[in-house]
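1. give me coordinates for this.
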Amino acid sequence: MNAVEIEQAISELALQPFDAAEFPFTFLAAFGNKDTTLKRLRTGNNNASDVAGGVLLRNNIHLAVCAAGTVGDTLKALRVSLATTKAKAKFILATDGQTLEAEELASGETVACDYADFPNHFGFLLPLAGISTIKEIKDNPIDVRATGRLNKLYVELLRENPDWASNERRPDMNHFMARLVFCFFAEDTDIFNGAGLFTRMVDQMSDRDGGNTHAVLSEIFRAMNMKVADRPTALPRLPGWINGFPYVNGGLFSGSTEVPRFTRMARTYLLHAGALKWREINPDIFGSMIQAVADDEERSALGMHYTSVPNILKVLNPLFLDDLRTALAEADENERKLLNLRKRMSRIRVFDPACGSGNFLVIAYKQMREIEAEVNRRRGETDLKSEIPLTNFRGIELRDFPAEIARLALIIAEFQSDVMYRGQKDALAEFLPLDAQNWIVCGNALQLDWTSVCRPTGTSVKLLADDLFGTPLNQAEIDFENEGGETYICGNPPYLGNKLQTPEQKADLEGIFSGLTSSWKSLDYVAGWFMKAANYGQQSKGATAFVSTNSVCQGQQVPILWPLVFERNQQITFAHTSFKWSNLASNNAGVIVSIIGISQNPGKTRRLFSFSENGGITSRDVEFINAYLTPGPNLVVEAVAAPINGLPQMMFGNMPRDGGRLLMTTDERKALVAKDGRAAKYLRDFIGSEDAIHGGKRVCVWVSESDYEKASQIPALDERFKEVARERLAMKAPSTQSFAKKPYRFVQIQGVAKSHLFLVPRHSSESRPYLPIVLFDSSTIVADSAFAIYDAPLWSLALFSSRLHLMWVATVCGKIKSDFRYSNTIGWNTFPVPLLTERNKVELNHCAEEILLAREAHFPKTIADLYDPESMPENLRRAHERNDEVLERIYIGRIFRNDTERIEKLFGLYASLETNSSAVPKTSSNTRKPA
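-> This next block holds a predicted model:
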């Protein structure tokens with residue numbers, strides 16, 4: 001269940017007559033617990049509560065219904081209950097049907113309220129459904145409630161008016177919903193004369209069956225698009241009861257006033273929505289929630305897409321807000337400096353080219369108004385009208401409804417800020433009529449010219465007709481009246497890896513990159529925003545910061561994207577290294593992201609943010625930040641064909657391209673040898689990545705050219721050779737067809753061991769504490785799903801199995817989902833290694849032996865078993881820790897303090913190695929050698 005569904009369920013529970021016997025189970029059902037779970041609790045089979053009237057759900061909650069007046073004592077009993085501790089309950093809750101008390105045990109935070117009021121605290125209880133709550137939702141549930149009510153109304157109206165669900169009419173439907181949101185907010189904030197004017201008039205003037213509700217609403221909308229002085233002569237005539245509504249204009253009520261037809265239920269939903277406390281709406285939360293109402297694909301995820309204020313401020317604070325606050329602190333009480341700061345803020349443009357419902361713009365506006373209010377307080381000018389124009393907060397959004405909601409959210413934010421800093425009277429006096437300029441453009445940000453949407457400088461005075469909510473795409477320019485101001489680009493653009501992009505999205509990237517690089521198809525979709533921002537930044541005084549997939553700072557995307565950004569004189573000014581960009585989805589679902597800020601004028605120091613071991617955020621100033629989001633100059637680790645570090649060559653495994661005819665299972669091998677013993681000498685173990693990690697094994701036919709004639713005398717092998725020839729002739733590649741003449745061998749043979757080999761899987765889970773590498777004897781043939789190092793010294797295993805190498809690969813090789821994607825040409829050939837003495841090699845050989853012996857002690861456990869972080873054998877862990885200690889002392893004479901220090905040392909060493917290896921040819925990642 002999502003947050004909206006949970007709020008609705010517990011609101012309905014609170015309205016029902018209190019049933020002491022049923023409450024615990026109805027309560028748990030409201031948070032998404034399955035019927036089977038509740039059935040077991042009812043029968044007592046799974047209910048381990050030791051408190052009278054108690055129900056205990058393991059790892060969740062211990063709750064109890066108690067006698068009147070004993071709620072406090074019952075909560076104490078739940079808190080000290082041994083069952084609560086043993087079952088690891090996260091919450092305790094007690095109620096007598098009159099009052100309710102609850103406590104989150106980890107934080108000690110409590111709730112105490114009348115029973116009927118407990119739905120107002122549903123945000124506090126969201127973790128019971130596996131949903132990470134946020135302070136704004138916990139403190140005030142109005143946004144989730146409003147979303148739920150409007151969603152019910154929207155669905156009911158589309159059911160009754162199916163034509164409004166068509167592509168042609170859906171914008172009309174969305175525009176109607178935006179009008180409703182404004183009316184609900186306006187009637188609760190005195191924008192409309194008289195409390196509840198809109199909802200009250202709909203209730204009084206429309207029939208209970210909803211039959212004429214559309215006509216009543218249409219007349220209200222028509223009135224608000226008409227100046228009061230013009231209403232007496234309006235045709236058709238307006239009814240007298242409508243004169244209480246003000247003139248709004250701004251395009252919100254212009255154009256068609258057609259309204260979808262209502263049912264009795266739809267009318268009820270509208271009145272229920274209007275009964276909420278809309279003055280308490282939080283535009284930065286509500287906007288992102290309500291946009292899902294109008295999206296068929298997102299409606300099931302209502303409430304999940306809200307981005308918390310702290311996360312947004314991770315972008316906005318270092319981008320420009322921290323600088324404004326510093327300027328405020330330095331100004332102190334100096335009136336001239338304060339005035340200059342206020343003028344500076346009035347010229348700042350904030351531009352989100354993927355703005356959605358406007359979260360980033362709303363937060364930026366509210367934060368700047370807060371700073372401006374403090375400037376005015378210090379200057380003794382608290383009644384002064386804000387000099388920060390709403391039209392300086394610009395956006396591009398692909399879909400029409402979020403674009404409308406973004407405009408509306410900014411309008412609401414402006415009014416709320418005026419009320420907060422200037423008072424209700426002044427706010428109301430200047431709020432209506434609305435400004436008709438349009439500053440949120442509906443269009444494709446990767447196709448639009450950003451300089452026409454948000455001019456870097458100058459005053460462009462192309463006015464947008466008179467329709468705030470229906471502006472044509474090709475009319476995006478308005479008067480900024482802020483010559484010389486700064487422009488800050490921000491947002492959370494769509495990520496989409498290259499495999500997930502639609503043909504249209506591929507075309508967007510092609511339009512941006514096709515003349516710049518031939519490798520653009522490998523880029524994530526968000527790379528288009530960085531490139532557009534880099535181009536824009538050459539013309540603008542300001543900076544950019546985007547939330548991005550961390551993959552654009554890893555592996556093959558780095559040498560494709562970032563040199564192009566750096567060529568445009570953009571530098572990385574700050575960055576948040578990888579963290580989870582969570583939302584309100586259950587189980588804290590979220591994508592791993594980075595935040596990257598770029599600018600043409602980065603200043604003397606750059607700031608790098610990261611999460612500490614205790615979950616807090618640490619920051620430090622560094623001289624440079626490179627494209628891998630580590631301290632250091634702008635170097636790019638490119639694939640090279642041979643090691644630059646003195647390491648032995650790592651090669652691809654061998655590729656059969658045989659239609660499976662040269663491969664067989666171990667059982668097939670036994671059967672073949674039993675039938676004809678001569679075949680045994682031509683069969684080898686064939687092992688790939690999955691086999692090496694999970695203990696599997698296949699078998700391959702391995703025949704040299706000199707043995708082909710003898711091998712063909714074995715009927716079973718001869719038949720396989722003929723099948724291989726047929727398969728290869730049927731394949732498209734001419735190079736493969738030519739190998740039909742050599743059906744006894746693999747098409748690509750990269751190498752064969754003389755004594756032993758190390759097999760390296762190409763993909764490995766990031767949860768493992770070390771990268772997997774496996775030792776095999778010379779009889780093994782490595783599949784093309786893996787890499788191999790042939791006949792290398794043991795110290796090679798020690799280097800590969802180190803924490804240092806893991807951190808290098810995690811930084812420069814990239815990932816597939818959460819798996820490391822190993823590259824021989826990037827991960828191994830570029831791995832920075834200092835000059836190893838013979839003594840160093842002896843010590844590392846010993847470390848490698850200890851690792852192998854520790855593994856052998858747990859035979860037949862697989863690599864997957866041995867390197868499970870939850871159950872890794874202690875002797876194996878100690879062997880790796882000893883290996884890390886020996887190797888790190890070779891690097892710096894001591895153990896590294898943390899991974900950040902490891903990466904910094906590796907990049908410093910790489911810079912010197914790369915300088916001394918310019919003769920080594922560059923290659924594309926994972927390039928094969930010819931057969």
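2. so which helix or strand of this structure has the lowest pLDDT on average?
-> When the helices and strands of the chain are scored by mean pLDDT, DSSP states H and E, helix 135-139 comes last with a mean of 59.
3. next helix or strand past it?
-> Scanning forward in sequence from helix 135-139 by DSSP states H and E, the next helix or strand is helix 142-160.
4. would you mark the buried spots in that following helix?
-> 142-154, 156-158 (16 or more other C-beta atoms under 10 Å). In this view, the C-beta of every residue, glycine as well, is placed from N, C-alpha and C.
5. same deal with stretch 425-442?
-> Under the neighbour-count criterion of 16+ other C-beta under 10 Å, stretch 425-442 has 427-428, 431-432, 434-442 buried.
6. ends of stretch 706-723, what's the gap?
-> Distance across stretch 706-723, first residue to last, is 20 Å (C-alpha to C-alpha, to the nearest Å).
7. err, stretch 193-207, not the other one
-> OK, stretch 193-207 end separation, C-alpha to C-alpha: 23 Å.
8. got a list of contacts for that stretch?
-> If you take C-beta atoms under 8 Å, 6 or more residues apart in numbering as the criterion, stretch 193-207 is touched by 183-184, 186-188, 192, 212-213, 216-217, 220, 241-242, 244-246, 262, 267, 270-271, 274-275.
9. check contacts around Val636.
-> Contacts of Val636 by C-beta under 8 Å, 6+ apart are 558-559, 562-563, 627.
10. and the buried ones among those residues, selectable in PyMOL?
-> Filtering the contacts of Val636 down to the buried ones (16+ other C-beta under 10 Å) takes a single PyMOL command:
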select buried, resi 558+559+562+627
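11. which ones among the contacts of Val636 map onto helices?
-> 558-559, 562-563 (DSSP state H).
12. tell me which element the residue lying closest to Thr549 once chain neighbours are set aside is part of?
-> Nearest non-adjacent residue to Thr549, counting by C-beta to C-beta, 6 or more residues apart in numbering: Tyr495, 4.3 Å away. Using DSSP H and E, no element contains Tyr495; it sits outside every helix and strand.
13. cool, Ala788 as well?
-> strand 786-790.
14. all strands of the stretch 351-500 of the chain, in order?
-> 393-397, 440-442, 487-491 (DSSP state E, counting those that start in this stretch).
15. present the ones you listed as TSV; the columns should include mean pLDDT and distance to Glu510.
-> Converted to TSV, these look like this (pLDDT from 0 to 100; distance: least, C-beta to C-beta, whole Å):
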stretch	mean pLDDT	distance to Glu510
strand 393-397	94	19
strand 440-442	90	22
strand 487-491	96	22
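16. to Arg422, which of those lies closest?
-> Set against Arg422 and scored by C-beta to C-beta, the strands of the stretch 351-500 of the chain come closest in strand 393-397, at 18.9 Å.
17. name the strands paired with the closest one and say parallel or antiparallel.
-> strand 349-352 (parallel), strand 440-442 (parallel) (DSSP bridges).
18. list the contacts of the shortest one.
-> This means strand 440-442. Defining contact as C-beta under 8 Å, 6+ apart, one finds that strand 440-442 is touched by 355, 358, 394-400, 403, 406-407, 410, 448, 453, 471, 473, 476.
19. now the residue nearest the centre of the chain: which helix or strand?
-> With distances taken as C-alpha atoms, centre = their mean, Val591 lies nearest the centre of the chain, 3.5 Å away. Using DSSP H and E, the element containing Val591 is strand 590-599.
20. quick one: strands adjacent to that strand?
-> Paired strands of strand 590-599, with direction, are strand 542-549 (antiparallel), strand 571-582 (antiparallel) (DSSP bridges).
21. ranking those by mean neighbour count, which comes first?
-> Of all the strands paired with strand 590-599, strand 542-549 carries the top mean neighbour count, a mean of 25, counting by mean count of other C-beta atoms under 10 Å.
22. I'd like the next helix or strand past the helix or strand harbouring Glu843.
-> Applying DSSP H and E as the criterion places Glu843 in helix 838-856. Counting by DSSP H and E, the next helix or strand C-terminal to helix 838-856 is helix 863-866.
23. buried residues in that next one?
-> For helix 863-866, the neighbour count (16+ other C-beta under 10 Å) marks 863-864, 866 as buried.
24. re earlier: in JSON lines, list the buried residues of stretch 425-442 along with distance to Pro734.
-> As requested, the buried residues of stretch 425-442 are exported to JSON lines (distance: C-beta to C-beta, whole Å):
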{"residue": "Ala427", "distance to Pro734": "76"}
{"residue": "Leu428", "distance to Pro734": "79"}
{"residue": "Phe431", "distance to Pro734": "73"}
{"residue": "Leu432", "distance to Pro734": "74"}
{"residue": "Leu434", "distance to Pro734": "68"}
{"residue": "Asp435", "distance to Pro734": "67"}
{"residue": "Ala436", "distance to Pro734": "66"}
{"residue": "Gln437", "distance to Pro734": "63"}
{"residue": "Asn438", "distance to Pro734": "58"}
{"residue": "Trp439", "distance to Pro734": "58"}
{"residue": "Ile440", "distance to Pro734": "55"}
{"residue": "Val441", "distance to Pro734": "51"}
{"residue": "Cys442", "distance to Pro734": "50"}
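25. confidence-wise, which of those residues comes last?
-> The lowest pLDDT within the buried residues of stretch 425-442 belongs to Ala436, with 69.
26. ok, the residue nearest to the centre of the chain touching Phe579?
-> No. Using C-beta atoms under 8 Å, Val591 is not in contact with Phe579, being 10.2 Å away.
27. how far off centre is stretch 869-888?
-> The chain centroid and the centroid of stretch 869-888 are separated by 33 Å under C-alpha atoms, centre = their mean, to the nearest Å.
28. who touches it?
-> Stretch 869-888 is contacted from outside by 767-770, 798-799, 801-804, 843-844, 847-848, 850-851, 853-855, 857-858, 865-866, 894-896, 902, using C-beta under 8 Å, 6+ apart.
29. could you do stretch 405-417 as well?
-> 178, 181-182, 185, 189, 191, 252, 281, 283-284, 286-287, 290-291, 355-358, 361-362, 365-366, 369, 386, 390, 393, 395, 397, 427, 431, 434, 438-440, 468-469.
30. the stretch 751-900 of the chain: helices as residue ranges?
-> Assigned by DSSP state H, counting those that start in this stretch, the helices in the stretch 751-900 of the chain fall at 795-800, 803-812, 838-856, 863-866, 874-892, 899-915.
31. right, so of these, which gets closest to Phe721?
-> Of all the helices of the stretch 751-900 of the chain, it is helix 863-866 that lies closest to Phe721, at 34.1 Å by C-beta to C-beta.
32. how about the strands paired with strand 393-397, which one is nearest Glu623?
-> That would be strand 349-352 among these, by C-beta to C-beta, at 28.3 Å.
33. hmm, back to that, mind checking the strands paired with strand 393-397 for the one nearest to Phe31?
-> strand 349-352 (34.6 Å).
34. how about the residue in the protein that sits furthest from its center?
-> Distance from the C-alpha centroid of the chain peaks at Gln713, with 60.4 Å (C-alpha atoms, centre = their mean).
35. which residues are in contact with the residue lying closest to it once chain neighbours are set aside?
-> In space, and not counting its chain neighbours, Gln713 is closest to Arg678: 7.8 Å by C-beta to C-beta, 6+ apart. Arg678 makes contact with 710, 713-714, according to C-beta under 8 Å, 6+ apart.
36. could those residues go into TSV alongside distance to Gln750?
-> What follows is the contacts of Arg678, written out as TSV (distance: C-beta to C-beta, whole Å):
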residue	distance to Gln750
Lys710	25
Gln713	29
Ile714	26
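37. show me these that map onto helices.
-> Residues of the contacts of Arg678 located in helices (DSSP H): Lys710.
38. closest one of the contacts of Arg678 to Cys700?
-> Nearest to Cys700 among these: Ile714, at 15.1 Å, using C-beta to C-beta.
39. what number of residues lie near that closest one?
-> For Ile714, the neighbour count with other C-beta atoms under 10 Å is 18.
40. ok, it touching Asp676?
-> Yes. Between Ile714 and Asp676 a contact is recorded at 5.4 Å, counting by C-beta under 8 Å.
41. nothing else from me, thank you.
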